[in-house]
Structures are given as C-alpha cells and as structure tokens.
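Student: Requesting a structural model of the entry that follows:
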Amino acid sequence: MQTEVVFSGFGGQGVLFAGQMLAYAGMDAGKEVTWMPSYGPEMRGGTANCQVIVADEEIGSPLTRSPKAVVAMNLPSLDKYEEMLMKGGVMIVNASLVNHGFTRSDIDGLLLPASEIAESLGSQRLINIVMLGALLQKLPVLSLQDLENALHNHLPERHRKLLPANIEALRRGATFARGELKMGIKNDE
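Tutor: Numbering: from 1, shown residues only. Okay, the predicted model is just below:
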C-alpha cells in the first residue's frame, strides 16, 4: 500500500507542519515515508505545499502527479489540485476560505469549516490539525492514535503547552468528517 497526500495553502497556515506530522506518524508506526516541502520566497502569505507519501514498502519517488488525497487550506489550492487528484481520491478543503464547491463528482470531497472549528478551540493556528484529523477519518492511512503519538513525540518543546489543544483539534476534525459535529457551513454545496 502506498498513499500520496498533498497539503497546500498559504505560507503561515501550518501546511508544512501538518505534512510533517503525518510523515512522523507514519515513520513512528514503522511505515516508509517521504516528506517533500515546497514554498515560495515570500513564505508567510505566499504559497506553500508539501507532498507526503506513506507506504508499506520502499518508495520510488517522493513526488506524485496524481495524489490519492489533497488537503487544500485555501481557494487557490482547491483550484490547483482538484484536477490533479486521482479518481476516487479524497479532498479536504477549508470551506471557510473558499467561495465554491467541487467541480468533480468522482472524488470524495469534504468542505470543512476548519477556521470556525479552530476558533471554537481558541486558536486559528489549529486549522491545519483540524484538517489533518478530517483527512485521517476519510482516508485512514494511519490512525488518529498514530497522529496523537506523533504530536506527543515530535511537537517542538516551545509548543508543548499546545499539545492538548492540538489533540482536541485532531479529534474535532475527525468528528466533523464522520458527520457528528455540525458547524455553520453546509457540506453539500
């Protein structure tokens, strides 16, 4: 099994961190992983993305042209990566920052009010982890517990006080993806 995931958004949204946590979780679970970041020279406010591959066997290339999943944190990311997503793939979109739904009907798309969920937890900085939780609910390449363990093991020391909030953000994203958490944005646009 090999699963390719693209995380994309503006610099400063935690795109690279979300991908890094997925890679750490895979590594800690004994999987083969790659993490390939890419960002513009502007960093904060510019474009940022990363590709993560989690596999049971050796990975031939860290790049993919048609990922199995995309986490799009803004409208330009939705517009860019929706067409690249493989048929039947999973796309998680921060509905708080887009003005339209999906154009494809052959994908499993979720419009997630990530900004509102993060705000309800007290910090917009949790958007990336909310989206990661939703991704793992829709595409269980790893378990939520694997991600919680990665947060425990790899969250930088300066952010350790945010561990409980990150774990709750992960769980809320998964809860929304299961349809058990209702927020202000419709999911059937």
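Student: what about the most centrally placed residue in the chain, helix or strand, and which?
Tutor: In the chain, the centroid-proximal residue (CA atoms, centre = their mean) is Leu132; its distance is 3.8 Å. Per DSSP states H and E, Leu132 falls inside helix 127-138.
Student: Whichever helix or strand comes after that helix packs against which elements?
Tutor: For helix 127-138, the following helix or strand on the C-terminal side (DSSP H and E) is helix 144-154. Contacts defined by 3 or more CB pairs under 8 Å, 6 or more residues apart in numbering; DSSP states H and E place helix 144-154 against helix 15-28, helix 127-138, helix 163-177. For glycine as for every other residue, the C-beta is placed from the backbone atoms N, C-alpha and C.
Student: Using CSV, lay out those together with distance to Leu63 and mean pLDDT.
Tutor: Shown next, in CSV, are these (distance: least, CB to CB, whole Å; pLDDT from 0 to 100):
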stretch, distance to Leu63, mean pLDDT
helix 15-28, 13, 96
helix 127-138, 19, 97
helix 163-177, 26, 96
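Student: Most tightly packed of those?
Tutor: Of these, the one with the most neighbours on average (mean count of other CB atoms under 10 Å) is helix 127-138, at a mean of 27.
Student: how much space between the nearest residue to Leu112 once chain neighbours are set aside and Asn128?
Tutor: Using CB to CB, 6 or more residues apart in numbering and skipping the chain neighbours, the partner closest in space to Leu112 is Ala134 (5.1 Å). For Ala134, the distance to Asn128 equals 11 Å [CB to CB, to the nearest Å].
Student: what's near enough to touch the residue nearest to the centre of the chain?
Tutor: By CB atoms under 8 Å, 6 or more residues apart in numbering, Leu132 lies in contact with Ala18, Met21, Leu22, Val71, Leu147, Leu170, Gly173.
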